[in-house]
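Chemist: Make a model of this:
(one chain, ligands or ions: 2)
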Amino acid sequence: RALKDALAAGKTRGRCIVILGCRQVLPPELEREFVLLDFTLPGKETLGQVLDGICGSAKLKTPAGDDRDQILDAATGMTCTEAENAFALAIVESRKVDHAVVAREKAQTVKKSGLLEIVEVRETLNDIGGLDCLKSWLTQRRESFGERARQYRLPTPKGVLLLGVPGTGKSLCAKASASVLQRPLIRMDMGSMMGSLVGESEANLRAAIHVAEAIAPCIVWIDELDKGLAGSKSSGATDGGTSARVFGSFISWMQERTASVFVIATANDVTQLPPELLRKGRWDEIFWTDLPNSVERDAIWRIKIAQCGRDPKKFDVKALAGASEGYNGAEVEGVVADSLYRAFAEDREPTTEDIQQTLRDTVPLSKLSDQVDALRKWARGRARPATTPEPESLGRRITA
Ligand SMILES: Nc1ncnc2c1ncn2[C@@H]1O[C@H](COP(=O)(O)OP(=O)(O)OP(=O)(O)O)[C@@H](O)[C@H]1O
Ligand SMILES: [Mg+2]
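Modeler: Ligands and ions are numbered 1, 2, ... in the order given. From the prediction side, this is the model:
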C-alpha cells in the first residue's frame, strides 16, 4: 500500500521509484506499474577493467594482446564478482592470470545454475561414420563465426535441428559440431528449466539465455528437445500453461536473437514437437538421420573397432557391414563391446567370428518395433536426409 501511495505521489512530483533485485518478483497489483529493465552480464570491456584492477592490486603486469583476449573470452558469461574471483584464483594458483583456470572456473559457475553446462568435447567429425550430407553442411560453416565471414557479410548461422531414429549419432554430431565450428559448446537442459513455481521457468530461461549470449559466439546444444517440450501441447490443462509459455519465449528468442548463438537441437519423437518449431526458417536446416546404410555401417564398424584399440584391417568389416542391416550406430558399438567381453573371458584377442556370433545373439531395436517406419514416413519431404541416398534405395523408392 505504502509503495502504491508513494508511486501516486511520485507521479505528481515528477519522481520515480527504482527497485533493485536479482529476481523479478513483484506482487501482481504492482507488476503493471513498473517497467522491467534486464541487466545483462558484463561485456568484455567491463571484464577488462576488472582484470586490470586485480592485476594492479597483485602488482602484476596486465596481460595484453592475444593473451588478454583469451582471458576475457574465457571470462564472458560470468558476473563481475565471479570474474574477479576467477582471476584472483588464477593468480594464486599460477602467479599469473591463466585463461585455462578462468575457463575452468566459468564452467563451474555456469554449471552451478543447474540450467547450462559447458561441455568439453573431444569428438570430431572423424568419429562419425556416414552422415556425409550433415558433415559437409557443418564443414561449410567451419569459419562462419570468424572475422573473414563478417567481412564477407556471411549471414551468421542460426541453428540446425537433428531428427531421427534413436542411436544414429545425433548427440555425437552435436558434440562434434563444437570442434568443427571451434566455439564453446553449452548444453541447455529444457527439462530442468521448468521450475516448480509459476514464473520461475520463464525466469530460468531468461537467465540461461543471458549467459549464453554473454559467452557468444557459442553453440547451444539442446539434447532431446522432444522430452523437454513434451508437455507444451497440453500445457493449458496440466501445468497452467507454463511449458507453453516457456516454449513461446524460446521460439521468440530463436527468431529474434542477434547474438551469434548457434543452436543445435536433437529429437527423436517428432510427434511431440509443436509444429511451430518445425516451420522452415526457424532453423537453417532440419536433418533426418536414418539407420546407417551398408557403406555407413562399414565406416562405423571401422571406427568402433579402432576405438577399442584394435586394427580394423584384421577384421572382415565388409562381412560385418553386410550382416548388420537394421543395426544403428549405438548397437554396433554395443556389439563390439560384447565381443570384447567374449574374447576377454577366454583370454584371447577378439575375431570377426566373435563379432558375428554376438550379432546373431542380438536383435536390433528397429526389428522389434514399427516406430522406425512411422518416423521415416513422417520425415520424408519434411527433413533433409543426413546421408546421400544409396542408388539402389532410390530405385526401390521409385518402383514402390
Ligand atoms: N554414425 C555413427 N558413427 C559413429 N558412432 C555412432 C554413430 N551413430 C551412433 N554412434 C554411437 O552410438 C552411440 C549413441 O549415439 P548418439 O547418442 O549420438 O545417438 P542419438 O542419435 O543421439 O540417440 P538418441 O536419439 O537415443 O539420443 C554413441 O556412443 C555413438 O558413438
Ligand atoms: Mg541423443
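Chemist: Show me where the protein has its strands.
Modeler: With DSSP state E, the ranges of strands along the chain come out as 116-119, 159-164, 185-188, 218-222, 261-267, 285-289, 384-385.
Chemist: can I get those in JSON lines with distance to ligand 1 and mean pLDDT?
Modeler: Using the backbone N, CA and C atoms, a C-beta is placed for each residue, glycine as well. Below are the strands of the chain laid out as JSON lines (distance: least, Cβ to the nearest ligand atom, whole Å; pLDDT from 0 to 100):
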{"stretch": "strand 116-119", "distance to ligand 1": "13", "mean pLDDT": "90"}
{"stretch": "strand 159-164", "distance to ligand 1": "6", "mean pLDDT": "92"}
{"stretch": "strand 185-188", "distance to ligand 1": "13", "mean pLDDT": "92"}
{"stretch": "strand 218-222", "distance to ligand 1": "11", "mean pLDDT": "93"}
{"stretch": "strand 261-267", "distance to ligand 1": "6", "mean pLDDT": "93"}
{"stretch": "strand 285-289", "distance to ligand 1": "6", "mean pLDDT": "93"}
{"stretch": "strand 384-385", "distance to ligand 1": "13", "mean pLDDT": "92"}
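Chemist: Up against ligand 1, what does the stretch 51-200 of the chain have?
Modeler: With Cβ under 6 Å from any ligand atom as the criterion, the stretch 51-200 of the chain meets ligand 1 at residues 128-131, 166-172.
Chemist: By neighbour count, which of these wins?
Modeler: residue 131 (31 neighbours; other Cβ atoms under 10 Å).
Chemist: The residue in the chain positioned nearest to ligand 1 and residue 289, how far apart?
Modeler: Proximity of the chain to ligand 1 (Cβ to the nearest ligand atom) peaks at residue 329, 2.1 Å away. Distance of residue 329 to residue 289, computed by Cβ to Cβ, to the nearest Å: 9 Å.
Chemist: Overlap of the contact sets of these two?
Modeler: With contacts taken as Cβ atoms under 8 Å, 6 or more residues apart in numbering, the residues that reach both residue 329 and residue 289 are 168-169.
Chemist: hang on, the earlier thing: now, which of the residues of the stretch 51-200 of the chain next to ligand 1 sits nearest residue 244?
Modeler: Using Cβ to Cβ, residue 170 comes nearest to residue 244 of those, at 25.3 Å.
Chemist: hang on, isn't that closest one packed against residue 290?
Modeler: No - using Cβ atoms under 8 Å, residue 170 is not in contact with residue 290, being 11.3 Å away.
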